[in-house]
Each structure stands twice: as C-alpha cells, then as structure tokens.
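compute the structure for the input listed below.
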Amino acid sequence: MTTKNDRVWKEPELAKTFLENVRGAIPMASDQIDTMLRIIEAAAPHLKRFFDIGCGGGILGGAILERYPDAKGVFYDLSESMINSAKIRLKDTVRQPEFVVGDFQYSRWTDSVRPFGPFDAVVSGFSIHHQTDERKKGPYK
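Numbering: from 1, shown residues only. Predicted structure coming up:
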C-alpha cells in the first residue's frame, strides 16, 4: 500500500534537497535532539543498543552515537538514498551501525530488525509525524 508520497521519498533528488536545504531549516532542531538525548540519558543511562525509525540522513542517530560511542545503532528508512546518506555521515563511528531499508506501514516490518534487538531505546526524529494518521499506527503495532 505504498502511496505516491512514499515513492517520492525514494527519489535521490528529493532526499538530497531535504538533507541539504530543508533539514537545516527545521525550527529548534538542535533543541529537539538535545531533549531526546536528555530523555535517553534518564531512561537508559547505559545505552548499548538503539533503533532509529525513519533515520533519514542519520542526524539523530549520529547525535546518539556521539553521546554513546560504544552503542550499537540500527538505522531504518524507507529511502535507500537516505540510508546511503546516513552511511556516509556515520562512516567513521566507533561501532558501525546496521542499516535497513524498509517501510513501517507493513504488519511484519519489525521482522527485518528483530535480529538486532533488543533495544534500550527506540527513536524517531522526523518520520512518523509526516505520515497520515492511519500510517502513524504502523510503528506501534
């Protein structure tokens, strides 16, 4: 049940435009990441594994890896272009993350990441809220 909007995110040009232009214009983005890091610190101060749903270019997961360099991250996104950008961004991390291309709208979407768990934290920066109300339910099923 892929929608036109989903297909658009798979286009390398849109991914590039988002990463180079739009992402930097998100109001208070650094404050949002800082807040998420403080929540993770409170909930999982000894973070060993985390899962980034809709990782995009790896900005949020990269911030987590900066704070927890020994943690293992799993980066998941619909767009292969976004995953490739995350790979480039994170190529020098202490522990190489796992990267998975997938779509959380499908009922068995977690099968592709289950082998990497369990996770101490599951995060999503700018992915779930872009979805329709019906699709927002996918990650929580």
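
and the helices in this protein?
4-9, 12-17, 29-43, 59-67, 80-89, 133-136 (DSSP state H).

without its sequence neighbours, what residue ends up closest to Leu60?
Counting by Cβ to Cβ, 6 or more residues apart in numbering, Leu60 lies nearest to Gly125, which is 4.0 Å off, once chain neighbours are set aside. Every residue, glycine included, has its C-beta placed from N, CA and C.

wait, the one you found sits on Ser30?
No: Gly125 is beyond contact range of Ser30, at 11.7 Å (criterion: Cβ atoms under 8 Å).

of the two, who's got more company?
A side-by-side neighbour count of Gly125 and Ser30, using other Cβ atoms under 10 Å, places Gly125 first with 22 against 10.

follow-up on the earlier one: between the helices of the chain, which gets nearest to Gln96?
For Gln96, the closest of the helices of the chain is helix 80-89, at 9.1 Å, according to Cβ to Cβ.

I'd like to know which elements that closest one is packed against.
With contacts taken as 3 or more Cβ pairs under 8 Å, 6 or more residues apart in numbering; DSSP states H and E, helix 80-89 sits against helix 12-17, helix 59-67, strand 72-77, strand 98-101.

okay then, goodbye and thanks.
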